[in-house]
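sequence and predicted structure below; questions after.
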Amino acid sequence: MIAARKEPFWDAVLFQYLKRMLRKNFHSVHAANLKHLKSLSEEQPVIAFANHTNWWDGLIVFLLTRSLRSKDFYCMMEERQMMHYSFFAWLGAFSVDLDNRIRAAATIRYACNLLKNKRSMVWIFPQGEMVSEYDDVQVKPGVDFLAKRFKHAQMLPMALHYEFRREQRPFVFLRFGAPYSARDNTDERLESELQNLVDQIRSNCQSGDFSEYQPLLKPALSINKRWEWVKRLFTGKLSGFSRDN
């Protein structure tokens, strides 16, 4: 397996690069129930889990590290991907090879060592691979094993969804579930927590109700919005300006 090699310097450099990448490829990033992330205890490690439908998922998770400085971020990543993007190790990623039981077991032991530190926050995509977001959530073994080994840990569910909405680039929507004790975890609960969050985001997108969401990355101004901003500035109507079309 490929272990994490966190480097504060490269973490800072890559974070700035990441923000530029996100602004170039997405309209904005919004999160609902961010309070659940910020309410995590500083005295317990965290096993965070999310659905996995997109290559960007790991980088979106990395964006969240700036929302929670009290935790050390780590993320389990498919080994084939990490071999192509080895710089992820500098951000806290470590690899898992689900096609090899011995190597997969080594990754679980590595994650167990990380969770011995109360500051650790280990992110896992329990589906094991990227799947269509329209498929029902089904998780593979592994997360529940960690939960049973670290019953004092906190479990934090989160769903991601990518959606085009009247803009040139897609939106990213995140939704957190309430954290719960690892002692109460099962694979069935993992699936249920993620499916419920995914369904809630879909419902929000269908209704257009995003009142619960707050921006993690605000949209850059498109060409027409820059022109509108200038016109409003000179006509004294800047107070009514919106970044969205």
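Here it is on my side, so go on. Numbers count the residues shown, from 1 in each chain.

contacting residues around the strand or helix carrying residue 199?
According to DSSP states H and E, residue 199 maps onto helix 187-207. Residues outside helix 187-207 that contact it (CB atoms under 8 Å, 6 or more residues apart in numbering) are 32, 49-51, 126, 133, 136-139, 141, 143-144, 157-159, 161, 163, 165, 173, 175-177, 210, 212-213. Bear in mind the C-beta positions are built from the backbone N, C-alpha and C, glycine included.

show me which residues of it are buried.
187, 189-191, 193-195, 197-198, 200-202, 204-205 (16 or more other CB atoms under 10 Å).

quick one: average pLDDT of that helix?
What helix 187-207 shows for mean pLDDT is 95.

only alpha carbons, please: show that helix as CSV.
Taking C-alpha atoms only, helix 187-207 is exported to CSV below (Å, rounded to 0.1, in the frame of the first residue of the first chain):
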residue,chain,number,x,y,z
ASP,A,187,-23.2,-1.9,7.1
GLU,A,188,-27.0,-1.5,6.9
ARG,A,189,-26.9,1.7,8.7
LEU,A,190,-24.0,3.0,6.5
GLU,A,191,-26.1,2.3,3.4
SER,A,192,-29.2,3.9,5.0
GLU,A,193,-27.4,7.0,6.1
LEU,A,194,-25.9,7.6,2.7
GLN,A,195,-29.0,6.8,0.8
ASN,A,196,-31.1,9.2,2.9
LEU,A,197,-28.6,12.0,2.3
VAL,A,198,-28.4,11.4,-1.4
ASP,A,199,-32.2,11.4,-1.6
GLN,A,200,-32.5,14.6,0.3
ILE,A,201,-30.0,16.4,-2.0
ARG,A,202,-31.9,15.1,-5.1
SER,A,203,-35.2,16.4,-3.5
ASN,A,204,-33.6,19.8,-2.9
CYS,A,205,-32.4,20.0,-6.5
GLN,A,206,-35.9,19.1,-7.8
SER,A,207,-37.6,21.6,-5.7
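
the top strand by length along the chain to helix 187-207, inter-axis angle?
If you go by DSSP state E, the chain has its longest strand at strand 154-163. For strand 154-163 against helix 187-207, the angle between stretch directions is 30 degrees (axes from the mean of the first three to the mean of the last three CA atoms, to 10 degrees).
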